[in-house]
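Enquirer: need a structure here:
(chains A and B)
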Amino acid sequence: MSDRFETHEHDVLIIGAGGAGLRAAIEALGQGASVGVVCKSLLGKAHTVMAEGGIAAAMANVDAADDWRTHFRDTMRGGKMLNNWRMAQLHAQEAPDRVGELEQWGALFDRTDKGQILQRAFGGHTYKRLCHVGDRTGLEMIRTLQDRGVQMGFDVYMECTVTRLLKDGDRVAGAFAYWREHGRFAVFKAKSMVIATGGIGKAWPITSNSWEYTGDGMAVAYEAGAELMDMEFVQFHPTGMVWPPGVQGILVTEAVRGEGGILRNKAGERFMERYDPQRMELSTRDVVARAIYTEVREGRGTEHGGAYLDISHKPAEYVKRKLPSMYHQFLELADVDITKRPMEVGPTCHYMMGGIRVDAETAQSSLPGLFVAGEAAAGLHGANRLGGNSLSDLLVFGRRAGLAAAKHANSVRASAIDSAQIDAAEHDALAPFQQKDGESPYAIHRDLQASMQKLVGIFRNKEDLERSLGEIDKLKLRMKRMSVEGSRLYNPGWHLALDLRSMMTVSEAVALSALAREESRGAHSRIDFPNLDPAWGGRNNVIQREGDAMRLRQEKVLEMPSDLKQLLAEGK
Amino acid sequence: MAEAVLQIFRGDSKGGAAKECHVPLAPGMVVLDALHYVQAHQLPDLAVRWNCKAGKCGSCSAEVNGHPRLTCKTRMDALPLDKPITIFPMKSFPVIKDLVTDVSWNFRVNKKIPPFQPRAGAEWKFDQKDVDRVQEFRKCIECFLCQNVCHVLRDHGKKEEFGGPRFFVRVAGLEMHPMDGASRAALLRKELGIGLCNITKCCTEVCPEEIHITDNAIIPLKERVVDEFYDPLLMLVRKIRGAK
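Expert: As a prediction, the model looks like this:
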């Protein structure tokens, strides 16, 4: 023990305690590994808690015709075929078992008349597929996993943020972190690590994401040499709250549409008829988000710049039972009773399809011993994620990452971490305190968000994207002159200053990838290249660090075996 | 533009005092918005816990004008703005800094509770009506406001002897789960000290999830403890059998 930092050692270190991290921890514990879980917030507060609509799994409890093949096909088509096909296959095949497991661990889903897990309709899913608990499915999932993990005995390091991965040659060997509470440092040594840190939404001002979502996992992995992939694909969820200002961006679950909610513009027109007459409100998120955005831009938006979403034609008791948190959210925050009046909704930055490039079977990144699961990983969702496929992703690949991490830990010797890396990490973490009278991190964050919203939003073009890269360069310079006030004791200004570095890295990766992809596909819409380009359909953008520069290259999309190709050709 | 005056607690484990801050009002603004404004413009190191800002994670608990609330769900326009709004940390937990308190005791209590134990051989089929009452308990977002107002903890400081309403809700969720086969009556009676609760319903009043903590969780659990430990017939049977 040093007086500069404390040291902890585990076979497997998991960074992030949402659904993916907790599921990984449970699996690694089951393999007999000693497991540490580091998380930015208190246990049980991770972003998974906010997931509302449900877990997609082809259990066929409601629609008997459903099976993994249809789920696989829906996922690939929703992702505009850019998905890693093997991940999509494993996900569709394994999700039902993972949901069943949750139930065995005590989760209580809503029931069918026959006493099975009830499933609801969702955008892009052919059948009723989402296992749910009203509109608080994520809470049920995280509590179930949390309780199981605690009982199995992992060590949790709460309110502790990782700022750098530590290496032993090419291998990852640990992580450097600070405690939010007192600002002291910790060094974690581990044979394997799982990154399960979620997404990057806090780089945009209108977002459903919490303060934690600053892309830390992707940024530290990138710094350590791992590859990022598909970073241009940022999902704007079609329905966030738009009024009043303080709630702008807060999620309105897709379950509203799954339960029969209708979208209308100012004139009362059901405008989805013009954008996707077959699937209407249950089209994929990229399509619905663009539709709402277009309605507003062309002057058909609501008073506060959104669309109307109406569920008031359903019986009030039904709405309150199936969408209880939406009912309370609108009543308490917006003075709207959704059983009587429509909601006002508009797109909100919600989810990152891209992330750290991983192997489908083991969830291992390009760095040996570094595994990734959940939103921080790329591949499963391709160019656009279907609602409900995130919670199932966390379970399927959380388990796979935990399993592979434990096996890897068994097969390697403990590594050594040289003190120079720790010194450098400590120096970087304390740098914002060294500047006096510099700029506030809050101001830099606000300007980054404004730039990303304006230049790297739903519709993009070359000029805007080039400008956004210029803006990021300027913001990076401003960050060098940034200073924080106060002490290291629970200091959010300091924490934001460190989070900003991650946000700059991932923002640059998004803009760079978006600039390169000269076509429109899924969530990536280029005004200057409005169509799908088959050539780009065969390529993923991959990003890696080269010295201090961010390098982008293209890699061929994995070739699908012929039986799966055949499967995709079938069906409507 | 109209503004609000806030008196925000600033301090740490050694003590502190309220600091006055002025915040411009916006339509629909909640107390957490005001705190974020203060962080961005006046006190960058103001310590506040929050995550979802939508009443789903239970992180941003504080005492607003003396009332325990989630600051993300407390509208500024619902508060009297002609006098300063006081924002203080939860009183029942030690202050770390400003509005952030040390709630780790709750996580220690939670560890004592035996997990869900499915009954062997039972079929995994049950109806919505079987889960309705348990789903109520599982709505808990662990904001710990119930723990904060419970007088057994707040006024009498019995953290060593008493689990608090949050964990009675958690135990109720396990005990009334249609597939659970374990009994936690002994735990309730001894480690969690349920007998200390004299059902004043303070916890129920502050629950942002509107869980009927006292009526639906604590009272049925008290009955369970009585049935198991104080049923005269059972006591007689135990005596005859020589069991404890």
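
Enquirer: any weak-confidence spans in the chain?
Expert: All of this is about chain A. Confidence mapping of chain A against pLDDT under 70 gives the ranges A:1-2, A:572.

Enquirer: My question was about chain B, not that one.
Expert: Low-confidence segments of chain B, defined by pLDDT under 70: B:1, B:238, B:242-244.

Enquirer: Which strand or helix spans residue 162?
Expert: Looking at chain A here, since you left the chain open. Taking DSSP states H and E as the criterion, residue A:162 maps to strand A:160-168.

Enquirer: my bad, the chain I had in mind was chain B
Expert: Per DSSP H and E, there is no helix or strand for residue B:162.

Enquirer: so it touches residue B:154, yeah?
Expert: No: checked against Cβ atoms under 8 Å, the pair residue B:162 and residue B:154 is beyond contact range at 11.1 Å. (Glycine included, C-beta is placed from N, CA and C.)

Enquirer: who has more neighbours, these two?
Expert: Neighbour totals were compared for residue B:162 and residue B:154, and residue B:162 leads with 23 against 18 (other Cβ atoms under 10 Å in any protein chain shown).

Enquirer: ok, so what distance separates the more buried one from residue A:40?
Expert: Distance, residue B:162 to residue A:40, by Cβ to Cβ, to the nearest Å: 31 Å.

Enquirer: swap in residue A:523?
Expert: Per Cβ to Cβ, residue A:523 is found 26 Å from residue A:40.

Enquirer: swap in residue B:113?
Expert: 25 Å.

Enquirer: Which one of the two is surrounded by more residues?
Expert: residue A:40 (27 against 21).

Enquirer: Is the more buried one in contact with residue A:217, as I believe?
Expert: No: with contact defined as Cβ under 8 Å, residue A:40 does not reach residue A:217; the gap is 10.4 Å.

Enquirer: Spit out the residues that contact the two alike.
Expert: Shared contacts of residue A:40 and residue A:217 (Cβ atoms under 8 Å, 6 or more residues apart in numbering or on different chains): residue A:16.

Enquirer: all strands of the stretch 1-150 of chain A, in order?
Expert: Ranges of strands within the stretch 1-150 of chain A are A:5-15, A:35-38, A:55-56, A:119-120, A:130-131, based on DSSP state E, counting those that start in this stretch.

Enquirer: repeat for the stretch 451-572 of chain A
Expert: Using DSSP E, counting those that start in this stretch, strands in the stretch 451-572 of chain A cover A:459-460, A:525-526, A:539-546, A:549-556.

Enquirer: Might you report the residue contacts of residue B:127?
Expert: A:111, A:113, A:115.

Enquirer: any idea how far it lies from residue A:107?
Expert: Distance from residue B:127 to residue A:107, by Cβ to Cβ: 16 Å.

Enquirer: With residue A:467 instead?
Expert: Here the distance between residue A:467 and residue A:107 works out to 47 Å (Cβ to Cβ).

Enquirer: Now the closest residue to chain A within chain B: closest residue in space that isn't a chain neighbour?
Expert: Closest residue of chain B to chain A, Cβ to the nearest Cβ: residue B:28 (2.4 Å). Closest residue to residue B:28 apart from its sequence neighbours, by Cβ to Cβ, 6 or more residues apart in numbering or on different chains: residue A:244 at 2.4 Å.

Enquirer: For the one you found, give me its contacts.
Expert: Counting by Cβ under 8 Å, 6+ apart, residue A:244 touches A:333-334, B:26-29.

Enquirer: Can I get these in a markdown table including neighbour count, secondary structure and distance to residue B:40?
Expert: Formatted as a markdown table, those follow (neighbours: other Cβ atoms under 10 Å in any protein chain shown; DSSP: H, G, I helix; E, B strand; the rest coil; distance: Cβ to Cβ, whole Å):
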| residue | neighbour count | secondary structure | distance to residue B:40 |
| --- | --- | --- | --- |
| A:333 | 22 | helix | 21 |
| A:334 | 22 | helix | 23 |
| B:26 | 16 | coil | 14 |
| B:27 | 13 | coil | 19 |
| B:28 | 19 | coil | 18 |
| B:29 | 21 | coil | 14 |
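
Enquirer: quick one: the strand holding residue A:162 to strand A:5-15, angle?
Expert: Comparing the axes of strand A:160-168 and strand A:5-15 via axes from the mean of the first three to the mean of the last three Cα atoms, to 10 degrees yields an angle of 90 degrees.

Enquirer: helices or strands up against strand A:160-168?
Expert: Counting contacts by 3 or more Cβ pairs under 8 Å, 6 or more residues apart in numbering or on different chains; DSSP states H and E, strand A:160-168 packs against strand A:35-38, strand A:171-179, strand A:185-195, helix A:216-223, helix A:419-434, helix A:492-516.

Enquirer: Give me the phi and psi for the most centrally placed residue in chain B.
Expert: Nearest to the mean C-alpha position of chain B, by Cα atoms, centre = their mean, lies residue B:144 at 2.8 Å. Note on residue B:144: its backbone torsions stand at phi 60, psi 20 [degrees, to the nearest 10].

Enquirer: for residue A:485, same thing?
Expert: phi -100, psi 160.

Enquirer: now the helices for chain B?
Expert: Applying DSSP state H to chain B gives helices spanning B:31-41, B:104-111, B:128-137, B:145-149, B:151-154, B:165-175, B:185-189, B:202-206, B:219-230, B:232-241.

Enquirer: Could you check the first one and say which residues are buried?
Expert: Translated: helix B:31-41. Under the neighbour-count criterion of 16 or more other Cβ atoms under 10 Å in any protein chain shown, helix B:31-41 has B:31-40 buried.

Enquirer: show me which of these neighbour chain A.
Expert: Restricting the buried residues of helix B:31-41 to those near chain A by Cβ under 8 Å from any Cβ of the partner chain leaves B:33, B:39-40.

Enquirer: burial of residue 18, as a residue count?
Expert: Just going to use chain A. 31.

Enquirer: ah, I was thinking of chain B
Expert: Number of residues near residue B:18 (other Cβ under 10 Å) recorded here: 15.

Enquirer: Correct me if wrong: residue A:501 contacts residue A:219.
Expert: Yes: using Cβ under 8 Å, residue A:501 is in contact with residue A:219, at 6.8 Å.

Enquirer: Neighbour count for the two, which is higher?
Expert: Remark: of residue A:501 and residue A:219, residue A:219 carries more neighbours, 23 against 20, as counted by other Cβ under 10 Å.

Enquirer: what domains does the record give for the chain?
Expert: Using chain A. Segmentation of chain A into domains, based on automatic domain parsing, reads A:237-348, A:432-530.

Enquirer: nope, chain B
Expert: Split into domains by automatic domain parsing, chain B comes to B:3-101, B:104-237.

Enquirer: and of those, who's closest to residue A:81?
Expert: domain B:3-101 (33.5 Å; Cβ to Cβ).

Enquirer: Show the end-to-end separation of the closest one, please.
Expert: The first and final residues of domain B:3-101 sit 28 Å from each other (Cα to Cα, to the nearest Å).

Enquirer: That one: how far from the chain's middle?
Expert: Put simply, domain B:3-101 sits 18 Å off its chain's centre (Cα atoms, centre = their mean, to the nearest Å).

Enquirer: and if you look at stretch B:166-183?
Expert: Using Cα atoms, centre = their mean, the offset of stretch B:166-183 from its chain centre is 17 Å.

Enquirer: wait, does it contact chain A?
Expert: Yes: Stretch B:166-183 reaches chain A (Cβ under 8 Å from any Cβ) through B:174, B:177, B:180.

Enquirer: you'd agree the first one is up against residue B:183?
Expert: Just to be clear, that refers to residue B:174. No: counting by Cβ under 8 Å, residue B:183 is not a contact partner of residue B:174; they are 10.1 Å apart.

Enquirer: can you count the residues close to residue B:195?
Expert: Residue B:195: 14 surrounding residues under other Cβ under 10 Å.

Enquirer: sorry, back to before: how about the domains of chain A, which one is nearest residue A:227?
Expert: Taking Cβ to Cβ, domain A:432-530 is the member of the domains of chain A nearest to residue A:227, at 10.7 Å.
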